[in-house]
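Asks: I need the structure of the sequence given here:
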Amino acid sequence: MSEEKEELKQNAEPQEENAGQTADGSAENTGEAAAEQQPELSPEELAANKIAELEAKVEQQHNDYLLLYADFENYKKRNFKEKTDAIWAAKKGILEDMLSVIDDFERGIKELDKVNADTVDSFKEGYENIYRKFLNFVNQKGVSVIETKDQDFNTDFHEAVAIIPAPGMNNKVIDCTQKGYMLGDKVMRHAKVVVGQDANADNNESK
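Replies: All right, here's what the predicted structure looks like:
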């Protein structure tokens, strides 16, 4: 009897091992399959996720735009202030130099009460000195007088206020009623001139 029990025991052990292996193997396969399987999203869930992603991008782009806009506004303010300061400095430099001329005129006005027959010449000389001083000042700033004497009429520099008969002076400047000025190589104010016209000029040219 003991031999039969021992034989039954030996036959049972391999079966238990196989059963354990099968159970373990099944458990491992089941875990791997569960890990590989992911729940599928419904079309509504996919659309919601896409919308959320797009909204996040739009929000980021909107924030970037606001930052860029703020930087541009700050740049415009700085640029405007720099230009304003530069213009003010240029005006200040010119007008500050003119103050001495104004001082001279004010001193001359005070001397008007003292003018008599004996002091007219000295008074005139004083004003001529102020005039020359002012001309020298504007010349230093690049301002020059437009030449008109014996010049051909040129619309780039001259403005005709009258045309008068002038034999032998066709299209010539006869007189200047108001001086014109250049600033550098550009016209600040055209010279107002009287232009001569020779009636026989066309006949002489045709001959």
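Asks: Next up, phi/psi of residue 161, please.
Replies: As for residue 161, its main-chain torsions (degrees, to the nearest 10) stand at phi -100, psi -20.
Asks: my guess is it contacts residue 192, does it?
Replies: Yes: applying C-beta atoms under 8 Å as the test, residue 161 and residue 192 come out as touching, 4.9 Å apart. Where you see a C-beta, it was placed from the backbone N, CA and C, and this is true even at glycine.
Asks: Residues that sit against both of those two, list them.
Replies: Common contact partners of residue 161 and residue 192 (C-beta atoms under 8 Å, 6 or more residues apart in numbering): residue 177.
Asks: Show me which of the two is the more surrounded one.
Replies: Counting neighbours by other C-beta atoms under 10 Å for residue 161 and for residue 192 shows that residue 192 has the greater number, 17 against 14.
Asks: I'd guessed that one sits against residue 180; true?
Replies: Yes: counting by C-beta under 8 Å, residue 192 does reach residue 180; the two are 7.4 Å apart.
Asks: Now for the two: what residues contact both?
Replies: Looking at what touches both residue 192 and residue 180 (by C-beta under 8 Å, 6+ apart), the common residues are 158-159.
Asks: what separates the lengthiest helix in the chain from the chain centre, distance-wise?
Replies: Among the elements of the chain assigned as helix by DSSP state H, the one spanning the most residues is helix 43-110. In terms of C-alpha atoms, centre = their mean, to the nearest Å, the centre of helix 43-110 is set 9 Å apart from its chain centre.
Asks: Pull the number of nearby residues for residue 105.
Replies: Counted by other C-beta under 10 Å, the residues lying close to residue 105 total 12.
Asks: Make residue 1 into 171 and carry on from there
Replies: All right, first residue 171 from here; so that's residue 275.
Asks: Now do the contacts for residue 275.
Replies: By C-beta under 8 Å, 6+ apart, the residues touching residue 275 are residue 300.
Asks: same thing but at 10 Å, please
Replies: When contacts are counted by C-beta atoms under 10 Å, 6 or more residues apart in numbering, residue 275 is found next to 297, 300, 304.
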